[in-house]
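A.B. asks: have a look at this fold, sequence not included:
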Ligand SMILES: C[S@@+](CC[C@H](N)C(=O)[O-])C[C@H]1O[C@@H](n2cnc3c(N)ncnc32)[C@H](O)[C@@H]1O
């Protein structure tokens with residue numbers, strides 16, 4: 001597991017990515033289009049397709065500092081956010097308990113700016129719990145869910161197939177998985193033979209979209225596919241602009257014969 005997600009740099013970049021105001025994330029008039037507010041869009045882009053409601057229970061796997069979990073709680077009566085990074089989970093828990101958190105983000109070099117993460121008071125924070133955990137080895141007793149969100153997680157897992165293979169037992173019949181990822185496969189996170197697509201074999205390229213159809217298609221119907229740009233600020237003059245593929249999957253109901 002990468003130590004990066006326990007670092008000061010990651011905590012700062014992810015608090016800004018999740019909670020920064022638009023002009024803090026991108027303090028220039030020019031810039032890539034449509035990359036802001038990604039952790040919120042990972043929920044809102046699919047809310048109507050799913051029919052999110054207060055009767056629903058949601059799981060945010062790889063929740064980082066928690067923004068998508070809070071967004072899910074606008075609708076869902078119960079949300080569980082799980083992340084491997086202890087430091088990310090500490091931030092998310094503090095935001096849950098206190099509603100706000102002061103942090104510093106990079107201008108450039110060692111020059112830092114002050115930011116404040118705030119949860120919208122319209123969100124009932126009591127609906128959300130956060131815990132540290134491993135998406136590939138989820139603890140017993142988590143129960144089942146109507147919605148599982150996996151935002152930018154699969155290409156950070158050692159064994160993404162193992163995690164996806166456990167989903168049908170986690171999800172209630174007819175329930176949903178929201179899966180978003182830019183499919184940035186790196187051997188520092190995932191050994192090459194465990195990449196989910198992104199490989200070239202003798203018979204040609206095997207894309208991650210195809211691999212997901214093969215793996216998820218065994219138990220789920222694909223309901224939606226969209227392009228989802230996102231912008232992560234490293235410092236005032238350096239950014240990562242990526243385009244995730246967002247897909248929505250619905251667990252097939254087992255029909256009696
Ligand atoms: C690229 S970040 C995405 C975070 C968040 N979902 C978002 O979209 O901003 C990947 C996240 O997955 C977490 N992570 C990596 N491996 C994990 C694992 N095995 N179980 C749970 N979380 C993991 C990292 O700590 C990090 O928060």
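C.D. replies: Everything's here; your move. Just so it is clear, the structure is predicted and the values come from calculations on it, not from any experiment.

A.B. asks: near the ligand, which residues of the stretch 151-257 of the chain show up?
C.D. replies: 151-153, 156-157 (Cβ under 6 Å from any ligand atom). C-betas here are computed from N, CA, C, even on glycine.

A.B. asks: any chance of those in a markdown table, plus secondary structure and pLDDT?
C.D. replies: Below are those laid out as a markdown table (DSSP: H, G, I helix; E, B strand; the rest coil; pLDDT from 0 to 100):
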| residue | secondary structure | pLDDT |
| --- | --- | --- |
| 151 | strand | 98 |
| 152 | coil | 98 |
| 153 | coil | 98 |
| 156 | helix | 98 |
| 157 | coil | 98 |
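
A.B. asks: format those residues as CSV; extra columns: distance to residue 45.
C.D. replies: Shown next, in CSV, are these (distance: Cβ to Cβ, whole Å):
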residue, distance to residue 45
151, 11
152, 14
153, 17
156, 21
157, 23
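
A.B. asks: and the helices in the stretch 151-257 of the chain?
C.D. replies: Counting by DSSP state H, counting those that start in this stretch, the stretch 151-257 of the chain has helices at residues 160-165, 167-170, 208-216.

A.B. asks: quick one: average pLDDT of the shortest one?
C.D. replies: The predicted model assigns helix 167-170 a mean pLDDT of 98.

A.B. asks: and it, what does it pack onto?
C.D. replies: Secondary-structure packing of helix 167-170 (3 or more Cβ pairs under 8 Å, 6 or more residues apart in numbering; DSSP states H and E): strand 145-151.

A.B. asks: show me what the strand it packs on is packed against.
C.D. replies: So strand 145-151, by 3+ Cβ pairs under 8 Å, 6+ apart, packs with helix 38-50, strand 57-61, helix 67-72, helix 167-170, strand 171-181.

A.B. asks: what would the ones you listed look like in CSV with distance to residue 12 and mean neighbour count?
C.D. replies: Converted to CSV, the helices and strands packed on strand 145-151 look like this (distance: least, Cβ to Cβ, whole Å; neighbours: other Cβ atoms under 10 Å):
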stretch, distance to residue 12, mean neighbour count
helix 38-50, 16, 19
strand 57-61, 21, 28
helix 67-72, 15, 28
helix 167-170, 32, 16
strand 171-181, 22, 21
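
A.B. asks: just send the ones you listed back as JSON lines, with distance to residue 144 too.
C.D. replies: Below are those laid out as JSON lines (distance: least, Cβ to Cβ, whole Å):
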{"stretch": "helix 38-50", "distance to residue 144": "16"}
{"stretch": "strand 57-61", "distance to residue 144": "7"}
{"stretch": "helix 67-72", "distance to residue 144": "16"}
{"stretch": "helix 167-170", "distance to residue 144": "6"}
{"stretch": "strand 171-181", "distance to residue 144": "5"}
